[in-house]
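J.: just coords:
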Ligand SMILES: [Zn+2]
């Protein structure tokens, strides 16, 4: 369930990020973008993604962090390897996840999309719990934002080709779409 743009606390942890702004007026939420992230790359479960989206990443922790610590980015949600959902930005606000992007001829997908990060890499199989959580989250979002039809669920790679590759070959689109279509 979604209330005022936020998943209920029973469904998701709330860690509000300062990295958002208002969506343009008269723009409907009509696209779901699936991403992956891991910090440092390939390492999971250390809280660094939360720190990154909250502008609290300590760049002295890891050399990689020095290349990203000054970025101000966010996603609406992240799904951990254990299938736990954390929400950082209200779905009614504009999170900063897509960057330069285009879908169906419309630029700047952040204006009209919801960004979901899966904790992972392009080449590491995602967990069963992540698919289950992603399917449940997708259904809730499609109920609240009916313009997110199945054909308007894409990867970051699809809206920023040549620049982004996530969620990568490891993401099983047929498994995800199959679960979604089952409706159970
Ligand atoms: Zn991405």
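T.: Looks like it came in fine. Please read these numbers as outputs of a predicted model, since none were measured by experiment.
J.: What residues sit buried inside stretch 116-126?
T.: Across stretch 116-126, burial judged by 16 or more other CB atoms under 10 Å covers 116-122, 126. All C-beta spots, glycine's among them, are computed from the backbone N, C-alpha and C.
J.: is the nearest residue to residue 7 once chain neighbours are set aside in a bridge, and if so with what?
T.: In space, and not counting its chain neighbours, residue 7 is closest to residue 87: 5.3 Å by CB to CB, 6 or more residues apart in numbering. Beta bridges link residue 87 to residue 14, residue 77 when assigned by DSSP bridges.
J.: Over to residue 33?
T.: The bridge-partner assignment for residue 33, based on DSSP bridges, gives residue 115, residue 154.
J.: confidence score at it?
T.: You'll see residue 33 listed with a pLDDT of 98.
J.: give the contact list for it.
T.: Taking CB atoms under 8 Å, 6 or more residues apart in numbering as the contact definition, residue 33 lies against 97-98, 109, 113-116, 154-156, 159.
J.: what is the rounded mean pLDDT of stretch 117-129?
T.: Predicted confidence along stretch 117-129 averages 98 (mean pLDDT).
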